[in-house]
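Participant: Need a 3D model of the following:
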Amino acid sequence: MTTTRKTVRAEGDRVSIICQGIRHAIIDGALMPGDRLPEDSLGESFGVSRTIARHALGQLAAEGLVDLRRNRIATVATPTPEDARDIFDIRVALERQVVQHLAGRLTEAQAKELQGIVTREHDARSGPEGASIRLATEFHIRLAEMTGKPILIRYVTEICYRAGLSLSALGRPHSSDCAISEHLELIRVIRSGPADRAAALVAEHLEAVATRALLDGEAGRSRDLVSILTPYATG
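Facilitator: Residues are numbered from 1 along each chain as shown. Presented below is the predicted three-dimensional model:
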């Protein structure tokens, strides 16, 4: 591999690390809609150049998680209730495809892995709301990854993070017990089939999530970005 290719690959890896860190910070509620994301602060947080930070912001903007303005000031996107409703409608359609593909094909090892995520959801019930949202998001993304279909995985991952942003921005506090029991039932039905029952169940589950949680939220606030992102840059 040439030096140029190695450099491009290394820059791509750093962009991916920044994107993943910001996604997690958004899902956890550490970053809120309207929070500014200056390139210099991102560079300081992740130990990269402003150019790499700019590339990461461009990728996150393409995913709908960041707004890029003409003055080049990036902010965490601010979804409206209408945006959230559209996001969940699209998510239902995509995840029906996921479970229809997996129904009757989920292996015992895959089922145990999903149950492990649900166990972590259960253990996080008494912690911050963002932790429950992040683990629930991880559950659904992992389901998509188990299909082995790259295009489906990509779109489900992006829509799950956008849904997580909507829940962090607009959601009201609620018990995660229902979501946990629904995830366990979903694993059972996907494992046994039939496909149409699994598809109907995931649609019911996502509609229930939206109904339980979505509510008008508050705008973001001004805070120290470097302090917020340091844990996400190091872990």
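Participant: which parts of stretch 44-52 are buried?
Facilitator: For stretch 44-52, a neighbour-count test (16 or more other Cβ atoms under 10 Å) marks 44, 45, 46, 48, 52 as buried. In this view, the C-beta of every residue, glycine as well, is placed from N, C-alpha and C.
Participant: nope, stretch 73-80 is what I was after
Facilitator: 74, 75, 76, 77, 78, 79.
Participant: Make JSON lines from the residues you listed and add distance to residue 90 and secondary structure to it.
Facilitator: Converted to JSON lines, those look like this (distance: Cβ to Cβ, whole Å; DSSP: H, G, I helix; E, B strand; the rest coil):
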{"residue": "74", "distance to residue 90": "24", "secondary structure": "strand"}
{"residue": "75", "distance to residue 90": "23", "secondary structure": "strand"}
{"residue": "76", "distance to residue 90": "20", "secondary structure": "strand"}
{"residue": "77", "distance to residue 90": "16", "secondary structure": "coil"}
{"residue": "78", "distance to residue 90": "19", "secondary structure": "coil"}
{"residue": "79", "distance to residue 90": "13", "secondary structure": "coil"}
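Participant: Just send the residues you listed back as CSV, with pLDDT too.
Facilitator: What follows is the buried residues of stretch 73-80, written out as CSV (pLDDT from 0 to 100):
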residue, pLDDT
74, 92
75, 93
76, 94
77, 93
78, 90
79, 89
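Participant: quick check, nearest of the residues you listed to residue 36?
Facilitator: Closest approach between these and residue 36, by Cβ to Cβ: residue 75, at 5.4 Å.
Participant: At the geometric centre of this structure, which residue do we find?
Facilitator: residue 161 (2.7 Å; Cα atoms, centre = their mean).
Participant: That one reaches residue 62, doesn't it?
Facilitator: No. Under the criterion of Cβ atoms under 8 Å, residue 161 makes no contact with residue 62, lying 12.0 Å away.
Participant: hmm, back to that, and the residue nearest to the centre of the chain, backbone torsions?
Facilitator: phi -70, psi -40 (degrees, to the nearest 10).
Participant: Tell me where the chain is predicted with low confidence.
Facilitator: Applying pLDDT under 70 to the chain flags the ranges 1-11, 127-130, 172-177, 213-228, 234-235.
Participant: Spell out, range by range, the helices that occur in it.
Facilitator: With DSSP state H, the ranges of helices along the chain come out as 3-28, 39-46, 50-62, 81-102, 108-123, 129-145, 150-170, 177-192, 195-213, 225-234.
Participant: Out of the ones you listed, which is closest to residue 68?
Facilitator: helix 50-62 (4.7 Å).
Participant: In the closest one, which residues are buried?
Facilitator: 52, 53, 54, 55, 56, 57, 60.
Participant: what's the spacing between the third one and residue 61?
Facilitator: To tie it back to what came earlier, the one meant is residue 54. Remark: distance between residue 54 and residue 61 (Cβ to Cβ, to the nearest Å) = 10 Å.
Participant: Residue 164 contacts residue 28, doesn't it?
Facilitator: No. Assessed by Cβ under 8 Å, residue 164 is found out of contact with residue 28, at 9.2 Å.
Participant: ok, the two, which is more surrounded?
Facilitator: Neighbour count, other Cβ atoms under 10 Å: between residue 164 and residue 28, residue 164 has more, with 27 against 19.
Participant: how about the residue nearest to the more buried one when sequence neighbours are not counted, what does it touch?
Facilitator: Counting by Cβ to Cβ, 6 or more residues apart in numbering, residue 164 lies nearest to residue 27, which is 4.3 Å off, once chain neighbours are set aside. When contacts are counted by Cβ atoms under 8 Å, 6 or more residues apart in numbering, residue 27 touches 130, 133, 134, 137, 161, 164, 165, 168.
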